[in-house]
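Peer 1: Fold the following for me, if possible:
(one chain, ligands or ions: 2)
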Amino acid sequence: MTESLLEVRNLCRSFGSMRAVDDVSFVLERGRIYGFIGPNGAGKTTTMRILATLDVPDSGDAVLEGLSVLVEPRKVRDRVGFMSDQFEPYANLDVLQYLDFFARAYGLRGRERIDVVRSVASFCGLDSFATRPATGLSKGMGQRLHLAKTLLHDPSLLILDEPASGLDPRARIEFRALLRELSAAGKTILISSHILAELSETCDGVLVIEQGRLMASGKIGDIARSVRDRHRMRMRVLGEVEHAQRFLVVQPQVHEVRVVETSVEFEFAGDDEAAAELLARAVAGGLRIVEFVAQGANLEEIFMTTTRGRLS
Ligand SMILES: Nc1ncnc2c1ncn2[C@@H]1O[C@H](COP(=O)(O)OP(=O)(O)OP(=O)(O)O)[C@@H](O)[C@H]1O
Ligand SMILES: [Mg+2]
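Peer 2: Numbering: from 1, shown residues only. Ligands and ions are numbered 1, 2, ... in the order given. The predicted structure is shown next:
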């Protein structure tokens, strides 16, 4: 069962004559992770700021758990955690004091505040950094603190604006694991990033935006199928790879056959049924096949196909 958490309806926001967000509509379901991708200046941060009630749309609306950002922004704010693309902790506070400061601002009191600060710090792997100055953290630890701050009031929607930029590979993997845990705990996550390979591993769905307009949305596999009617396949064989090449070039719906080391790669325009028939013919024709795979949907390809590369 899926349940919609956020409905964005015909959102528009202009700065002078620049249409930063232009009639954007989408729905996010509870407990899912969504990638928000698009070129620089596409309108991602502007959209996220509106959802976090830090900016107001010119028209349209966003409704979170039945609450409109226009009508009840304070209640929406209680349910949204926004991690902006900039993090500048205040001086003279250590990690726990920093979190405690925000926990107070969110209205947490007494024992509950202490417990929440400790558990959030611990969840984000900050235990051994508790008394470090918040301003002296590495980029990776700073991002963990930033995420911890975003989680203090137990929001149902997390909006993360490029949280992984500048992190080293290990920090990114660890950050990704935290996001998966949060989504497993029922949080909905909207995350913008330019690191597409990373998003395709983490996200259940993606939204592609360019010049303020939503160009595509949905599951990565579904969008990939809708933007192209062929997919890339790879066949690895025992024995001479040229035999496989000669077999494939004369098959229907097979295009652009090329040998890559001990495999043959090709574009295939058929469906699963046709792929099964192709494989059966190959085996009947004497090829000894050890691998026959469709290459996974590629977010970079979706990005390049659905956006036109115009900067705004
Ligand atoms: N406060 C503002 N005043 C004027 N123009 C703005 C303002 N905020 C955003 N814009 C413009 O709106 C457009 C969308 O910007 P936005 O920051 O939302 O893009 P983005 O998709 O987040 O880009 P990036 O990937 O570079 O972060 C840009 O052309 C930007 O210059
Ligand atoms: Mg941005």
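
Peer 1: which strands and helices sit next to the helix or strand of the chain with the lowest mean pLDDT?
Peer 2: The weakest-scoring helix or strand in the chain, judged by mean pLDDT, DSSP states H and E, is helix 220-227 (a mean of 78). Applying 3 or more C-beta pairs under 8 Å, 6 or more residues apart in numbering; DSSP states H and E, one finds that helix 220-227 contacts strand 205-210, strand 213-218, helix 299-306. In short, each C-beta sits where N, CA and C put it, glycine included.

Peer 1: residue in this protein nearest to ligand 2?
Peer 2: Residue nearest to ligand 2 within the chain (C-beta to the ion): residue 45, separated by 3.2 Å.

Peer 1: Doesn't that residue belong to a helix?
Peer 2: Yes: per DSSP: H, G, I helix; E, B strand; the rest coil, residue 45 lies within a helix segment.

Peer 1: hey, where'd the helices end up in the stretch 51-200 of the chain?
Peer 2: 73-79, 95-105, 110-123, 139-151, 169-184, 196-202 (DSSP state H, counting those that start in this stretch).

Peer 1: Kindly compare burial across those and name the winner.
Peer 2: helix 139-151 (a mean of 21; mean count of other C-beta atoms under 10 Å).

Peer 1: by how many degrees do that one and helix 95-105 diverge?
Peer 2: With axes from the mean of the first three to the mean of the last three C-alpha atoms, to 10 degrees defining the directions, helix 139-151 sits at 20 degrees from helix 95-105.

Peer 1: what packs against helix 139-151?
Peer 2: Against helix 139-151 (3+ C-beta pairs under 8 Å, 6+ apart) you get strand 80-83, helix 95-105, helix 110-123, strand 157-161, helix 169-184.

Peer 1: again, 7 Å this time
Peer 2: Using 3 or more C-beta pairs under 7 Å, 6 or more residues apart in numbering; DSSP states H and E as the contact test, the elements touching helix 139-151 are strand 80-83, helix 95-105, helix 110-123, helix 169-184.

Peer 1: picking that back up, in this structure the residue of the chain closest to ligand 2 contacts residue 161, no?
Peer 2: Yes: using C-beta atoms under 7 Å, residue 45 is in contact with residue 161, at 5.7 Å.

Peer 1: Could I get the pLDDT score of the most centrally placed residue in the chain?
Peer 2: Computing the C-alpha centroid of the chain and ranking residues by C-alpha atoms, centre = their mean puts residue 35 first, at 2.3 Å. Per-residue confidence (pLDDT) for residue 35: 96.

Peer 1: and what of residue 312?
Peer 2: Value for residue 312, per-residue pLDDT: 45.

Peer 1: Repeat that for residue 88.
Peer 2: 83.

Peer 1: next one: residue 179
Peer 2: 94.

Peer 1: so how far is residue 201 from it?
Peer 2: As defined by C-beta to C-beta, to the nearest Å, residue 179 lies at a distance of 11 Å from residue 201.

Peer 1: Could you list which residues are in contact with the nearest residue to residue 134 once chain neighbours are set aside?
Peer 2: Excluding the flanking residues, the one nearest residue 134 by C-beta to C-beta, 6 or more residues apart in numbering is residue 89, at 3.8 Å. Contact partners of residue 89, counting by C-beta atoms under 7 Å, 6 or more residues apart in numbering, are 98, 134, 135, 145.

Peer 1: Show me which pair in these is furthest apart.
Peer 2: The distance between the two most remote of those (C-beta to C-beta) is 10.3 Å, for 135 and 145.

Peer 1: returning to what we had before: present the helices and strands packed on helix 220-227 as JSON lines; the columns should include distance to residue 128 and mean neighbour count.
Peer 2: Shown next, in JSON lines, are the helices and strands packed on helix 220-227 (distance: least, C-beta to C-beta, whole Å; neighbours: other C-beta atoms under 10 Å):
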{"stretch": "strand 205-210", "distance to residue 128": "35", "mean neighbour count": "24"}
{"stretch": "strand 213-218", "distance to residue 128": "40", "mean neighbour count": "19"}
{"stretch": "helix 299-306", "distance to residue 128": "35", "mean neighbour count": "18"}
